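[1] coordinates only, sequence not included:
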C-alpha cells in the first residue's frame with residue numbers, strides 16, 4: 001500500500017473521483033471526493049461497480065438476519 005505525504009501520493013496509485021467520474025493518477029482532489037487507492041487504472045474505473053456489488057452482498061446478508 002502506498003503512502004501520502006503533504007497531499008502527494010506515491011506514484012502508481014489510482015483514485016476514482018466521484019464528482020467528475022474520472023480516474024486520477026495519484027492524489028489530486030479532495031479526499032472526500034475520492035475512492036481508492038486502486039492498483040491499476042482499470043480497477044479504479046470499476047470503483048462504482050465494485051462498491052455497488054459489495055452493497056448488494058451486504059444488503060442480502062442484512063436481510064437474512066433475524067433480531
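    That came through fine. Computed from a predicted model, the values in this text were never measured in an experiment. Numbering: from 1, shown residues only.
[2] how about residue 14: what's its closest non-neighbour residue?
    Nearest residue to residue 14, sequence neighbours excluded (Cβ to Cβ, 6 or more residues apart in numbering): residue 44, at 3.8 Å. C-betas here are computed from N, CA, C, even on glycine.
[3] distance from the chain centre to the strand or helix carrying that neighbour, please.
    Under the criterion of DSSP states H and E, residue 44 resides in helix 41-45. Mean-position distance between helix 41-45 and its chain equals 9 Å (Cα atoms, centre = their mean, to the nearest Å).
[4] residue 19 in helix, strand or coil?
    Look at residue 19: counting by DSSP: H, G, I helix; E, B strand; the rest coil, its state is coil.
[5] cool, and residue 15?
    Classification of residue 15 by three-state DSSP places it in strand.
[6] so the closest residue to it other than its chain neighbours: helix, strand or coil?
    Leaving aside its sequence neighbours, residue 15 sits nearest to residue 36 (Cβ to Cβ, 6+ apart; 3.8 Å). Here residue 36 takes the strand state, with states given by three-state DSSP.
[7] before we move on, back to that, can you name the next helix or strand after the helix holding residue 44?
    Assignment by DSSP H and E places the next element after helix 41-45 at helix 47-63.
[8] picking that back up, touching, the residue nearest to residue 15 and residue 44? I think so.
    Yes - contact criterion Cβ atoms under 8 Å: residue 36 and residue 44 qualify, at 5.9 Å.
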